[in-house]
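>>> no sequence on this one, just coordinates:
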């Protein structure tokens, strides 16, 4: 089964970012157009293929083959977004490794300092020992957050971008 995403535009230029001077096939999509396509793709089952249909109210005068141009531009753009998301994922994993190492060293230091506070009659030593233990574990929050929660949304988004880069594209011109 193929899930359909339809975009209605007055002219082809509405699909692209007007501030990007690159040729059409290398240009960024307009932010609103990208957001619309991505949000509709997220609503459809990942088990089905996607198809984008672009309805143009005006036939583009300066483009010989709008179908080919739009299909290539969409594929190129979402391949690029998938690549950027993979880079972001790799950066996050490097940050996670560095944070994990720093957190472990700090936790070890806190635990070592806590063991130096031998139990005594005073309550302050037990409070300080517990405080050092808590502070050490709080330092582990960021690496644990990265490795437990932050990586998988990036890979899910990358899969979506890859799926969008492979979707079939049709352009229908009214006149």
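Alright, I've got the coordinates. Just so we're clear, the structure is a prediction, and the values are computed from it rather than from any experiment.

>>> per-residue confidence at residue 65?
You'll see residue 65 listed with a pLDDT of 85.

>>> likewise residue 23?
Residue 23 carries a pLDDT value of 54.

>>> and if you look at residue 94?
At residue 94, pLDDT is 97.

>>> Equivalent analysis for residue 28, please.
At residue 28, pLDDT is 83.

>>> I figured it hits residue 76, correct?
No. Between residue 28 and residue 76 there is no contact under CB atoms under 8 Å: 10.1 Å. C-beta here means a position set from N, CA and C on the backbone, and glycine is covered the same way.

>>> can you pull out the helices in this structure?
Applying DSSP state H to the chain gives helices spanning 31-43, 66-116, 123-138, 141-145, 151-166.

>>> Look up the closest residue to residue 18, ignoring the ones flanking it.
residue 30 (7.4 Å; CB to CB, 6 or more residues apart in numbering).

>>> any idea how far residue 163 is from that neighbour?
Distance of residue 30 to residue 163, computed by CB to CB, to the nearest Å: 20 Å.

>>> Kindly report the same for residue 89.
Distance from residue 89 to residue 163, by CB to CB: 17 Å.

>>> Then residue 84?
16 Å.

>>> More neighbours: which of the two?
Between residue 84 and residue 163, counted using other CB atoms under 10 Å, the more crowded position is residue 163 (17 against 12).

>>> surely the more buried one meets residue 50?
Yes. Residue 163 is in contact with residue 50 according to CB under 8 Å; the separation is 6.3 Å.

>>> Mutual contacts of these two, please.
Residues touching both residue 163 and residue 50 (CB atoms under 8 Å, 6 or more residues apart in numbering): residue 41.

>>> For this structure, give me the ranges with low pLDDT.
Along the chain, segments meeting pLDDT under 70 span 19-27, 119-122, 175.

>>> can we see that at 50?
Applying pLDDT under 50 to the chain flags no residue at all.
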